[in-house]
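# Below are the sequence and a predicted model; questions follow.
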Amino acid sequence: MRVSVFGATGSIGESTFDLLSRRSDIRVVALTGGRNVARLAEQARALRAELAVSAHDDCYLALKEALAGTGTEVGAGTDALIEAAARPADWVMSAIVGAAGLEPGFRALAQGATLALANKESLVTAGPLLMAEAARHRARILPVDSEHSAVFQALVGEDIATVERVIITASGGPFRNWDSDALEQVTLAQAQTHPNWSMGQRITIDSASMFNKALELIETREYFGLYPDQIDTIVHPQSIIHALVGFRDGAMMAHMGAPDMRHAIGYALNWPERAELPVQRLDLAALARLDFEAPDPARFPALRLARQVMELRGHSGAAFNAAKEVALDAFIAGQIGFMDMARLVERTIDRLLPDSGLTAPVEALESVVHMDQMARQIAIRQIAAINRRAG
Ligand code: NDP
């Protein structure tokens, strides 16, 4: 099987690398990374990749040097990334973080690859387009987000028309029980530590603010084609059940597993088979209990905003994601507070609601990119406004 991994040096990329390293039947076509050139070169050597690409032009020489004498081709920059995605492969992992992961995914689908989709931003910003592209090329998208992989697995052999509801679980993050005043004071150090999952910095902070769950609610709508009122989330602090599917006869199928992304990645890699995976087995007696509680959209407004986006659809997902990315950058840079992130996203959507094409159906990638850029500009202006008020 020919395999490419986009975002190989990240958290999902490393878990994918781990699983690929255990297989002898894999031919690695392309591995891509960003600034972590040393790690990308190490991975490329270990897996004898045909091509290694950094997303940044200025990383070219360092990558070339690190891979000298290996026979691995080297590329750098956006064009090289897109070209790598167009190289024929049977299975492509989409694990770049953020909207930058969108175009490589489209290119991979266009050459008929099975797309293992960790980059949830692709579905949030351009869901209908991505699904249509897959259908046009008879390519398959397999969800890698643990909740969506769980729903996908619970639906094997079922008719989607018999599904009443889907519930994706949320750990609630480190601030689950904090009150609104305390949430205003959250620091970067506090936000980038997750109680259960080991993940990249951005998704860890998004989990703490519940923006990650917001993206996942939208992703559920786009991937499974359900109505917003069929989709819900519940706080489940142990992160053992990843999702539940409720059917019209009242039965619910829950997917359980240790919080390890190699479950979902391995399922997508081996699909439609199930192969042995090096993940911890659950000890239910040791776990003893599983807890659930209703989420609180007042303290975590990202959940309320996700509902708005699920109803509006059109380009609102692209605006939501772009504003969220700007807000996250600003929080990481210490320019705004933890709760300002949701304010920034809400104001950006409010500004875009009249006359901007926010709710127009998504028909081309260009309009998604245009909305993304508009939303970023508005969000950046909002940061200045928030800072002026704070000053
Ligand atoms: P990381 O930040 O750990 O890794 C991101 C990867 O993308 C790295 O390889 C990074 O390169 C590369 N990258 C960063 N910016 C760019 C860019 N502009 N262009 C091209 N490549 C870039 O992220 P995660 O692995 O945590 O997440 C990846 C995706 O998977 C996200 O969409 C996330 O929401 C999703 N996901 C993650 C989960 C997890 O457990 N981590 C769970 C479910 C979904 P470098 O590091 O070399 O700079």
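Yep, that arrived. Residues are numbered from 1 along each chain as shown.
# got the residues of the stretch 201-350 of the chain near the ligand?
Selection of the stretch 201-350 of the chain residues close to the ligand by C-beta under 6 Å from any ligand atom yields 202, 203, 261. (C-beta placed from N, C-alpha, C; glycine too.)
# From what I see, the last one and residue 13 are in contact.
When you say that, I think you mean residue 261. No - the criterion here is C-beta atoms under 8 Å, and residue 261 misses it with residue 13 at 10.4 Å.
# Looking at the two, which has the bigger crowd around it?
Taking neighbours as other C-beta atoms under 10 Å, residue 261 and residue 13 compare with residue 13 leading, 27 against 24.
# How about the secondary structure of that one?
Under DSSP: H, G, I helix; E, B strand; the rest coil, the three-state class of residue 13 is helix.
# Pull the contacting residues for it.
By C-beta atoms under 8 Å, 6 or more residues apart in numbering, residue 13 lies in contact with 5, 6, 7, 33, 93, 95.
# again with residue 298
By C-beta under 8 Å, 6+ apart, residue 298 lies in contact with residue 180.
# Equivalent analysis for residue 261, please.
Counting by C-beta under 8 Å, 6+ apart, residue 261 has contacts 11, 12, 15, 144, 146, 197, 199.
# Against the ligand, how distant is the nearest residue to the first one once chain neighbours are set aside?
Closest residue in space to residue 11, ignoring its immediate chain neighbours: residue 200 at 4.3 Å, by C-beta to C-beta, 6 or more residues apart in numbering. Residue 200 sits 3 Å away from the ligand, going by C-beta to the nearest ligand atom, to the nearest Å.
# what does residue 317 give?
For residue 317, the distance to the ligand (C-beta to the nearest ligand atom) stands at 14 Å.
# which SSE is that residue in?
Counting by DSSP states H and E, the element that carries residue 317 is helix 316-332.
# And that helix, what does it pack against?
helix 120-136, helix 188-191, helix 201-209, helix 211-224, helix 301-312, helix 340-352, helix 365-390 (3 or more C-beta pairs under 8 Å, 6 or more residues apart in numbering; DSSP states H and E).
# Quick check: the closest residue to residue 307 other than its chain neighbours vs the ligand, distance?
Take residue 307 and drop its neighbours on the chain: the residue closest to it by C-beta to C-beta, 6+ apart is residue 228, 6.5 Å away. With distances taken as C-beta to the nearest ligand atom, residue 228 is found 21 Å from the ligand.
# Likewise for residue 250?
Distance, residue 250 to the ligand, using C-beta to the nearest ligand atom: 30 Å.
# Residue 225 is in contact with residue 123, correct?
No - the pair residue 123 and residue 225 fails to qualify as a contact (C-beta under 8 Å) at a distance of 11.4 Å.
# So for the two, which residue has more residues nearby?
Higher neighbour count among residue 123 and residue 225: residue 123, with 28 against 12, using other C-beta under 10 Å.
# ok, so what distance separates the more buried one from residue 115?
11 Å (C-beta to C-beta, to the nearest Å).
# Then residue 284?
As for residue 284, its distance to residue 115 is 34 Å (criterion: C-beta to C-beta).
# Among the two, which residue is more densely surrounded?
Neighbours were counted for residue 284 and for residue 115 using other C-beta under 10 Å; residue 115 has more, 29 against 10.
# Which residue is the nearest non-sequential neighbour of the more buried one?
Among residues not flanking residue 115 along the chain, residue 141 sits closest, at 4.9 Å (C-beta to C-beta, 6+ apart).
# What is the neighbour count of residue 363?
With other C-beta under 10 Å as criterion, residue 363 counts 11.
# Show me the residue sitting in the middle of this protein in space.
residue 120 (3.1 Å; C-alpha atoms, centre = their mean).
# Just to check, residue 183 is in contact with residue 174?
No - taking C-beta under 8 Å as the definition, residue 183 is not a contact partner of residue 174, at 10.9 Å.
# Just to check, residue 382 is in contact with residue 345?
No - assessed by C-beta under 8 Å, residue 382 is found out of contact with residue 345, at 9.2 Å.
# Neighbour count for those two, which is higher?
The neighbour comparison of residue 382 against residue 345 (other C-beta under 10 Å) goes to residue 345, with 30 against 23.
# Could you check the pLDDT of that one?
Note on residue 345: pLDDT of 98.
# hang on, the earlier thing: tell me how many other residues surround the residue nearest to residue 115.
Considering only other C-beta under 10 Å, residue 141 is surrounded by 23 other residues.
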